[in-house]
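Chemist: Just a sequence and a predicted model for now, questions to come.
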Amino acid sequence: MANWFPLIVNTSSSQIQELPSGQNLDLTGSNISNVAAITINSSGGTSIINGGSNGTGNIGSNSSYFNIVFAQSTSAQYADLAEKYQSDRDYPPGTVVVFGIDTEITISTTEADTRVAGVVTTAPAYIMNAGLVDGVAVALTGRVPCQVVGNIRRGDMLVTSELPGVATRAHDPVMGTVIGKALANYNSSVPGMIEVVVGRL
């Protein structure tokens, strides 16, 4: 049970005006609501702490956004920047996609396609156009798993292949065909998954 301590409360405004020095306000199991602003004087230290495990808890939700976040720097565990596009179907992560005719994106089916859009992401660090309903998130830059086939060495440039949704090593790439560069070696005629850096030419 949390320790109890006296509060000074303004009964006319229902505001907590002061806490004894060194004390914390424990709101376990409760919510703070109808608050216009919360001001934290951090003095250079950590101001807002996640009391649970890493990767738990949200600020806002997919149906109730905040407006603008003002910050000097941010940090993310995941590794790619993605954007949602209208798609003709829901493609699994690692699928190589191109800009389509009837929809914004569709699966790749032609080798070295200049219409290449990117790779369907697994878990983006930052996602743009997030409110698009039934959209598919495509990694535009950063590290992402990707389906590949053929003999690939780390650092090789990758392009679309004739296998649907699969990348392969670029033999003589032309402008607009390169997906990115391989981060691992691969050598098989059967498609598999490796990490690639998309957006690196």
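Modeler: Okay, I see it.
Chemist: mind listing what the residue nearest the centre of the chain touches?
Modeler: By CA atoms, centre = their mean, the chain has its centre lying nearest to residue 124, at 2.2 Å. With contacts defined as CB atoms under 8 Å, 6 or more residues apart in numbering, residue 124 is in contact with 78, 80, 81, 82, 137, 139. C-betas here are computed from N, CA, C, even on glycine.
Chemist: Identify the farthest-apart pair in these.
Modeler: With CB to CB as the measure, no two of the contacts of residue 124 lie farther apart than 78 and 137, at 11.4 Å.
Chemist: These two: which is more packed in?
Modeler: residue 137 (23 against 16; other CB atoms under 10 Å).
Chemist: pLDDT score for that one?
Modeler: pLDDT recorded at residue 137 is 96.
Chemist: How about the contacts made by it?
Modeler: Contact partners of residue 137, counting by CB under 8 Å, 6+ apart, are 82, 83, 84, 120, 121, 124, 127.
Chemist: Give me the neighbour count for residue 177.
Modeler: So residue 177, with other CB under 10 Å, has 19 neighbours.
Chemist: And it, how far from residue 124?
Modeler: Distance of residue 177 to residue 124, given as CB to CB, to the nearest Å: 23 Å.
Chemist: and if you look at residue 59?
Modeler: On the measure of CB to CB, residue 59 and residue 124 end up 17 Å apart.
Chemist: With residue 200 instead?
Modeler: Taking CB to CB, one finds residue 200 at 17 Å from residue 124.
Chemist: Could you do residue 89 as well?
Modeler: Taking CB to CB, one finds residue 89 at 19 Å from residue 124.
Chemist: Then residue 172?
Modeler: Where residue 124 is concerned, residue 172 sits at a distance of 31 Å (CB to CB).
Chemist: List the buried residues in the longest strand seen in the chain.
Modeler: If you go by DSSP state E, the chain has its longest strand at strand 135-152. Neighbour counts over strand 135-152 (16 or more other CB atoms under 10 Å) mark 135-140, 142-150, 152 as buried.
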